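**Student:** Sequence and predicted model, in that order:
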Amino acid sequence: MRKLLLFLLLFGCTLLSAAQPRYSIAHYTNKDGLPANGVTGLEWDESTGLMWIGTEGGLVRWDGNNFEARTETEGRVLRLGVVDKRKGIHYAYCDDQSLYEMQQGQIRKRGMYKDFAPSDTTLRAFLVACHAALTQPVMPGWLQPLPGTDHDFLTCRNGMLYDRRGGDARLLRTGVQLPAFFDLGNEAYLIDRQGLWRYDARARRMQRLCTPGWNPLKVRFLRNAERAAPMFYAGRKLFRLLPANNSGECRLETIFDAMPSDLYPRFVRELPAQGTIVLGDGINGIFVLRRNSVRQLTDSSGRISSAQLVTYGQALLPDGNIMGHSGVVYDRKGPIPGRSLPVQGTLHLVPFGHHIYFPIGNFLFRYNLITQTSEQFDSLDGSGYPLLAQTKGQLYLLGGRYFARLEHDRMSVFYTLPLSENGGEPMRNTSATEWAPGVFALGDGNRIRFFDVATKQSRLLTVSNKAAVRFMWRSGQNLYICTYGEGLFLLRNDSVLALPRDKSNYLRFAHAIVPDGHGFCYISTNNGLFKVSEKALERSAGTGSPVCYYFLGREDGLEQTELNGGCTPAYLRLPDGTLSFPTIRGLAQLHPDSVRIAAPPGIILVRARADGRELLQTTNRLDPQTRLFQFDITIPSWSAPQNLYGWYRLRRTGEAASESSWIEFDPTRQRLFNFSALKPDAYDFEVRTFNGFQPGNFAHRSFHFEIAPPWYAAQRAIVLWLLLASLLVWAFVFLRTRQLRRRSLQLEATVELRTREIENQKGQLRHQLQLVSEAHDLKERLISVISHNIITPLRYIHRATTMMRDDARSLDPVLREKAVDSINDTSLELELLSINLLNWIKLQHRQMHVVPEHFSFAEVSDHVRSLLGPVARSKGQEIKVAGPADTQVYQYKDAVQVIMYNLVLNAIAHSGGTTTTLAVRRDGDAFVLSVRDDGTGMPEALQMKLLGDEAPRNALKETDNQGKGFGFIIIRDLVHFIGGQLRVENAKPGTIISVRFRAQPL
């Protein structure tokens, strides 16, 4: 029985695979962006992932999502071709006979066709080496390069077929009409009205091939890419030519048998990696065939109502068919009309044993797989949230108020929800899965309840704020959670982590997540299916990194993209590994091994402009006045627009880049990025997209440019500015220093002037003090002299004369004579004292004659001797004069005379000798005036007293026959006045007092 069921299942799969179309078809016209519906050529640029389309209205670049008409070309495109496939260089020949080169998504005009020299063979497959032999442009398809060479061609003109090699042209055939060249299996082929031909390049001859089962004249030839198998179109079928076998037979392989009718296809490009075939129609635009990954099982006969096709729960029947929740039975072709099982209106179908259990309303039913009948099995708790789940080989009914277990063919309640829990409200069971043997993970609204069957203990964990848990799947220690409204979550170590969603936000309403056994998962949603890497999901939960979700929708065979969920099971895995998902119109099935999804190509094209000027990829140093930067981004993708992701960022070169700095954008909607008012600096405009499904699979493109600083902020200018600033600083410092120095000099001069003024003032003050002191001394001296030296002798004279008058008669004549002599001497001393006093007062008050004059020594000495002679005689002394009598002196005469007078007077009065000698002599340019006595000599103490800096105030007091010192004071002052020097020395006997003064006064 099992072998029979397995045979039927495999046989059904084979029939379904043979009958099901493998492609879905899409149609694009001028309403979708084509300049015109007439296609004149197709070229697939594998290096950039772009399709170049030649039309009657011009050249178009197609990235799989958007058509971009290029304005660089003019007029109708006559032909597209390949220049160098390895370098991705293509060309276009337009109506104005201009050649355009396409490389890296850009167009460059090469010139006029007529301007190319015969030796220019860079445009292989278009330019013929022998250019002069052709008088008109080569039409599309009338030239074929020989395989393995860049310079040898097959050409046809005026019905004659030539083999052109270098300068040699060999005629092969005549009468060739409407030829079509192509190469296949490194051999050149030709189709004309006589059939299919293969060219033997070595023998240089044509061989006609057999075409069993088809007629080359009754099918339309479609030119494919170079060295790719051509295709043919007939009726509503598309064929591929298989290489000729050893017997020379060429057969056709059917690709698609549901092509639209009334087509006029001319060109075809097959993209095997993308599972896509692009056809260029001469009238109807572009047709794109995409290989289906999903089979939609639905009713196209109209015999089954739409309500019955809405499917939630599924169950596998013993015959390999699938029963939907409404009783509709599906085989591998679709729903079977007229066959309906007694299962109605349930979301949950749980097979256990030979029954399928399903709840309806307040009752639990079961369908007997053997008798194919249904029966009411048990009643429910009326909570409205019943679930059926299995663990440890037992079936459990998980209600909103109690849990029951299938025992002895009946449901036995073993746990009742306490009234204190949930505030007396029943549990809102939305999904259930086995977390561990004997432990359920229940979706209780927006929470998960972990319930241990053995201990009857439960714990709650909140998943989202408001969305209900729709589905759970355990993978290792991770629990993936689908919610209806807030997307996907991952439970790891009791931490709930939100997973990123797709760019269209379809994953917000996720129904189920299904592993495919190869490290990928399929996620069903309200808008289609997604394929994603489990490793990428797990990593994104911890890092927040983007996830590449591959969307499967209408273009992949899913005619109805709204899938259903909230049911048990949310998907069904068939014995052969096929996954079956419920939709609102039947079932959607896919086999993970047959889903051929190419990884995202990760090609990024960047076209940059600065103020409208094109920028190259090389280093761009732009003017600081540049205001607007535009980056046109193209990311080719030949799948659904939902699968195209992009991120961009603009950052300064060298700046730390983080994942958060990327800004996501939709490449199908946004291609142009504008930046303005950028400051002078080096920048990198970066774009990235997925180039794989695994974590970190990104393709990255960076465009570097630099905004030069303004001239005044350039490096040289900065150096000049620094030099200028240094110069200005130096000039400022120099000028300031000079100013400060000038001010310092001015201050110094002012200080010096003020100092001199102060010194002058101090000198004047000292002089005034000296004058005051001198005046004070003068007063003291005058007082002392008058009180002692004048008043006392006068008092003596007064008393003596009074006594003589009163006692004149009785006075002894001898005494009277002595008294008269005493009075006479005293009078003389008073006279001499008065003279000295008068001279000294004159000197102090500058009343002396202070003009130097010429006089003779004899004149002065005689005058002094005449004055002091009587005094000396009265003392019993003698005055002598020594020295030349004709000595002439130029000096202050009065001062010299007073000095001489006082020196002689002091010698007479105080020496105690008998002779006083007055002498003068010439000593060089000076005179020495000396007075010598032969007395007892002058004591050293008296010498120090008289020659000291300042005579003491009591110097005028007469002690020990030393005199009053008044005359010596006069001598010192006058010696200083005439600029002389005073010297005192003992001569044994006597004393010599000398005055040395210059011959010419200062």
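**Tutor:** Now that the structure is in, tell me what you want to look at.

**Student:** Let me see the contact set for Thr568.
**Tutor:** 313, 347-350, 387-389, 431-432 (C-beta atoms under 8 Å, 6 or more residues apart in numbering). The C-beta positions use only the backbone N, C-alpha and C, and glycine is treated the same way.

**Student:** In the stretch 501-650 of the chain, mark out all the strands, start to finish.
**Tutor:** Assigned by DSSP state E, counting those that start in this stretch, the strands in the stretch 501-650 of the chain fall at 510-515, 520-525, 529-533, 550-552, 572-573, 579-583, 586-590, 605-610, 613-615, 620-622, 628-634, 646-652.

**Student:** weakest of those in terms of mean pLDDT?
**Tutor:** If you rank the strands of the stretch 501-650 of the chain by mean pLDDT, strand 620-622 sits at the bottom with a mean of 83.

**Student:** Spell out which strands sit alongside that one in the sheet and which way each one runs.
**Tutor:** As defined by DSSP bridges, the strand partners of strand 620-622 come to strand 698-707 (parallel).

**Student:** Please compute how far the partner strand lies from its chain's middle.
**Tutor:** Chain-centre distance of strand 698-707: 15 Å, with C-alpha atoms, centre = their mean, to the nearest Å.

**Student:** Ser475 - how many residues pack around it?
**Tutor:** Using other C-beta atoms under 10 Å as the criterion, Ser475 is surrounded by 14 other residues.

**Student:** quick one: low-confidence ranges for the stretch 851-1000 of the chain?
**Tutor:** 948-966 (pLDDT under 70).

**Student:** What pLDDT does the model give the residue nearest the centre of the chain?
**Tutor:** In the chain, the residue lying closest to the centroid (C-alpha atoms, centre = their mean) is Glu655, at 3.4 Å. Looking at Glu655, its pLDDT is 87.

**Student:** quick one, helices of the stretch 201-350 of the chain?
**Tutor:** Applying DSSP state H, counting those that start in this stretch to the stretch 201-350 of the chain gives helices spanning 306-309.

**Student:** show me where it has strands.
**Tutor:** Under DSSP E, counting those that start in this stretch, the stretch 201-350 of the chain gives strands at 205-208, 220-222, 231-234, 237-241, 252-256, 265-271, 276-281, 285-291, 295-297, 314-316, 322-324, 328-330, 335-340, 350-352.

**Student:** For Gln891, which of those strands is the nearest?
**Tutor:** Shortest distance between Gln891 and the strands of the stretch 201-350 of the chain, using C-beta to C-beta, is found for strand 265-271: 138.1 Å.

**Student:** Contacts made by the closest one with the rest, please.
**Tutor:** Outside strand 265-271, the residues that touch it by C-beta under 8 Å, 6+ apart are 39-44, 51, 220, 222-225, 228-231, 233, 276-282, 287, 638.

**Student:** now do 6 Å
**Tutor:** For strand 265-271, contacts defined as C-beta atoms under 6 Å, 6 or more residues apart in numbering pick out 42, 44, 222-225, 231, 233, 277-282.

**Student:** ok, now stretch 807-825?
**Tutor:** Here stretch 807-825 makes contact (C-beta under 6 Å, 6+ apart) with 797, 800, 804.

**Student:** Pull the distance from that stretch to the chain's centre.
**Tutor:** 132 Å.

**Student:** do stretch 350-360 as well
**Tutor:** For stretch 350-360, the distance to the chain centre is 64 Å (C-alpha atoms, centre = their mean).

**Student:** out of the strands of the stretch 201-350 of the chain, nearest to Ala885?
**Tutor:** Counting by C-beta to C-beta, and looking across all of those, nearest comes strand 265-271 at 153.3 Å.

**Student:** Need phi/psi at the residue nearest to the centre of the chain.
**Tutor:** Phi and psi for Glu655, reported as degrees, to the nearest 10, are phi -80, psi 140.

**Student:** quick revisit: reformat the strands of the stretch 201-350 of the chain as JSON lines; add distance to Phe927 and mean pLDDT.
**Tutor:** As requested, the strands of the stretch 201-350 of the chain are exported to JSON lines (distance: least, C-beta to C-beta, whole Å; pLDDT from 0 to 100):
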{"stretch": "strand 205-208", "distance to Phe927": "157", "mean pLDDT": "85"}
{"stretch": "strand 220-222", "distance to Phe927": "150", "mean pLDDT": "88"}
{"stretch": "strand 231-234", "distance to Phe927": "151", "mean pLDDT": "91"}
{"stretch": "strand 237-241", "distance to Phe927": "152", "mean pLDDT": "91"}
{"stretch": "strand 252-256", "distance to Phe927": "153", "mean pLDDT": "90"}
{"stretch": "strand 265-271", "distance to Phe927": "139", "mean pLDDT": "90"}
{"stretch": "strand 276-281", "distance to Phe927": "141", "mean pLDDT": "93"}
{"stretch": "strand 285-291", "distance to Phe927": "143", "mean pLDDT": "93"}
{"stretch": "strand 295-297", "distance to Phe927": "153", "mean pLDDT": "92"}
{"stretch": "strand 314-316", "distance to Phe927": "156", "mean pLDDT": "94"}
{"stretch": "strand 322-324", "distance to Phe927": "160", "mean pLDDT": "93"}
{"stretch": "strand 328-330", "distance to Phe927": "161", "mean pLDDT": "94"}
{"stretch": "strand 335-340", "distance to Phe927": "163", "mean pLDDT": "88"}
{"stretch": "strand 350-352", "distance to Phe927": "157", "mean pLDDT": "94"}
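
**Student:** where exactly do the strands run in the stretch 51-200 of the chain?
**Tutor:** For the stretch 51-200 of the chain, applying DSSP E, counting those that start in this stretch gives strands covering 58-62, 67-69, 77-84, 89-94, 98-103, 106-112, 143-145, 152-157, 160-165, 168-173, 180-184, 187-192, 195-200.

**Student:** so which of these gets nearest Gln981?
**Tutor:** Proximity to Gln981 (C-beta to C-beta) singles out strand 106-112 among the strands of the stretch 51-200 of the chain, at 116.4 Å.

**Student:** what does the closest one rub up against?
**Tutor:** 70, 72, 97-101.

**Student:** What are the buried residues along it?
**Tutor:** Neighbour-count burial for strand 106-112 flags 107, 110 (criterion: 16 or more other C-beta atoms under 10 Å).

**Student:** If anything else comes up later, I'll come back, but that's it for now.
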